[in-house]
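**Q** next one to model:
(one chain, ligands or ions: 1)
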Amino acid sequence: MRIVVLVSGTGSNLQAVIDAVASGELADVQIAAVGADKHGTYGVQRSAAAGIETFVVNFKDFADRGEWNHALTEKCLSYAPDYVVSSGFMRIVGEEFINAFDGTYINTHPALLPSFPGAHGVRDAMAYGVKVTGCTVHIADAGVDTGPILRQEAVAILDTDTEETLHERIKVVERRLLIATLADLAAK
Ligand code: GAR
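**A** Okay, the predicted model is just below:
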């Protein structure tokens, strides 16, 4: 199963996938490429260090969102992936991308969707005062963090938590769920 992984940041979840491929836990998964929406991400850096092909479709290089979305779609299609995985990819992709990867665009989110979608899922859950949050792996559709849920797990919010400590605990679970999801999909 060929995947393209998209990142905007540190790519620590991506690193877990890279490690799982290397260790044989995801023996049937091949990371065809890792792409980012901006230059200088650690996610791309660590992928290149692991010998994985990387690309940047820099949002700021395009006149409008539609042109960027077209370039991203074409670039991802060029790797003929079975799935595209958003692993902390913080840009909303447009209809052209969603249509090209209909049902095969996987996203992870650090909250129990449909609660707290968007760029600040951890912060928003804390601000609301919920006592339990978690993470979700789902098939992404044209909405913001919407689409059929594949896996989900709860994480308790502690009185002592900061956004950073909570997000780190969520990410530990997120990595496990993402790897399990990819293993499921590869076995199909
Ligand atoms: C992850 O928690 C991911 O769920 C989140 O960004 C983090 C990326 O961490 N994505 C979203 O919030 C998307 N709405 P990483 O770069 O260390 O893997």
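
**Q** quick one, what contacts the closest residue to the ligand within the chain?
**A** Closest approach of the chain to the ligand (C-beta to the nearest ligand atom) occurs at residue 88, with a separation of 2.6 Å. The way it works is simple: take the backbone N, C-alpha and C, and place the C-beta from them, glycine included. Each residue near residue 88 by C-beta atoms under 8 Å, 6 or more residues apart in numbering is listed here: 7, 8, 9, 10, 11, 13, 14, 43, 108.

**Q** out of these, which are buried?
**A** Buried subset of the contacts of residue 88 (neighbour count, 16 or more other C-beta atoms under 10 Å): 7, 8, 9, 10, 11, 13, 14, 43, 108.

**Q** what parts of the chain come near the ligand?
**A** Near the ligand, the residues belonging to the chain are 7, 9-14, 43, 87-88, 108-110, 119, 121, 145, 171, 174 when assessed by C-beta under 6 Å from any ligand atom.

**Q** so residue 166 touches residue 157, yeah?
**A** Yes. Counting by C-beta atoms under 8 Å, residue 157 is a contact partner of residue 166 at 6.1 Å.

**Q** can you pull the residues that touch both of those two?
**A** Common neighbours of residue 166 and residue 157 (criterion: C-beta under 8 Å, 6+ apart): 126, 133.

**Q** before we move on, back to that, will you turn the contacts of residue 88 into TSV that also has pLDDT?
**A** Listed next are the contacts of residue 88 as TSV, based on pLDDT from 0 to 100:
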residue	pLDDT
7	97
8	97
9	93
10	94
11	95
13	95
14	96
43	97
108	97
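
**Q** narrow the residues you listed to those in helices?
**A** Those of the contacts of residue 88 mapping onto helices are 13, 14, 43, per DSSP state H.

**Q** out of these, the closest to residue 115 would be?
**A** Of all the ones in helices among the contacts of residue 88, the one with the least separation from residue 115 (C-beta to C-beta) is residue 13, at 20.1 Å.

**Q** would you confirm that that closest one contacts residue 108?
**A** Yes. Residue 13 is within contact range of residue 108, at 6.3 Å (criterion: C-beta under 8 Å).

**Q** kind regards, and thank you for your time.
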